[in-house]
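> task: produce atomic coordinates for the following.
(2 chains)
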Amino acid sequence: MFTAKPYGLDVRARLAVDRLLYAQKVFAVGPAFLQRIIHLEAQTVKDSWLVGLKADLQWMHDVNPTALPSGWLQDMTPLFDNWQSRNFPWKAMVKAVARKQRMQEQMMAEVISLHKGILRCCVQGGHMSPRSLQ
Amino acid sequence: MICLSKNLLAVRTVTYKGGPIAIIPKCLAPTTAKQFRGILLLGNMTHSVLRKQIMSHLEPARAPGQLGGFHGQQVMFGSQALRLFCTMADAKGVSSAVLFLDLSNAFHHLAGELVTGISSSASLDVLQALLFTGR
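This next block holds a predicted model:
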């Protein structure tokens, strides 16, 4: 019987989780000058920190399309308002998305492994060419 | 009595620097004791106790860039602001520099002076010389 090996988050997802959690703190309790300089940098630099944050939010949206408020890409104000709300469960949401993404990756790894096993059986039984394993 | 005299007079009667020691290697693959540096992670414990009691009074009066020790504030905030500033300057082709001052026990001295109103005249003289004469 096939058993799945423990599978952690890939580096990109891990970075996204860390930045998403940090961003909530920046816009909830961070100093005003930092929030201002983040927006100034976004206007000045092409690959700004805010662009990276939006890429992480896009990753989150891809994994769970209902996690973020609609239209967040055009206007992030509702998201910032949520972050500043004391009862908004942002950390739990990000962790849940990370778990879902890890489960999806694990599932794909299992499917690929099972597929290789099936092909190996077929080759051993002489039903397929060994080239199929390559 | 020691704590009372220290808190009221802002004078450290007895210096206690206890706490867990972190062993930091000075070089790659250290093997001998002299290749390590020992750093105490816990500073003056009595100051820490005092700090917890006065933080709520300091909160409304703190400067925007004063982050250390305040609730929810992180060192990363200041670090990120500096990096973004340098990135922006770099993008505009402008030279930039950050002056970093590591003042020994700066926070504790500040807290003590705010609470007691007693300040060291010697340190004030140095500060005034720096600010007004640039020496």
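> show me where chain B has strands.
B:21-25, B:36-40 (DSSP state E).
> so which of these comes closest to chain A?
Closest of the strands of chain B to chain A is strand B:21-25, at 23.6 Å (criterion: CB to the nearest CB). Heads up, the C-betas are built off the backbone N, CA and C, glycines and all.
> around chain A, pick out the residues from chain B.
Residues of chain B lying close to chain A by CB under 8 Å from any CB of the partner chain are B:64-65, B:67, B:71-74, B:76-77, B:80-81, B:84-85, B:87-88, B:91-92.
> got the strands of chain B as CSV, with distance to B:Gln53 columns?
As requested, the strands of chain B are arranged in CSV below (distance: least, CB to CB, whole Å):
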stretch, distance to B:Gln53
strand B:21-25, 27
strand B:36-40, 23
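> helices of chain A, residue ranges please.
Remark: helices assigned in chain A by DSSP state H are A:11-29, A:32-44, A:49-63, A:77-84, A:90-124.
> tabulate the ones you listed (a markdown table), appending mean neighbour count and distance to B:Leu101.
What follows is these, written out as a markdown table (neighbours: other CB atoms under 10 Å in any protein chain shown; distance: least, CB to CB, whole Å):
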| stretch | mean neighbour count | distance to B:Leu101 |
| --- | --- | --- |
| helix A:11-29 | 17 | 24 |
| helix A:32-44 | 15 | 18 |
| helix A:49-63 | 17 | 25 |
| helix A:77-84 | 15 | 32 |
| helix A:90-124 | 14 | 34 |
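> so for B:Pro20, which of those helices sits nearest?
With CB to CB as the measure, helix A:11-29 is the member of the helices of chain A nearest B:Pro20 (26.4 Å).
> summarise which helices and strands the closest one is packed against.
Secondary-structure packing of helix A:11-29 (3 or more CB pairs under 8 Å, 6 or more residues apart in numbering or on different chains; DSSP states H and E): helix A:32-44, helix A:49-63, helix A:77-84, helix A:90-124, helix B:75-91.
> cheers, nothing more for now.
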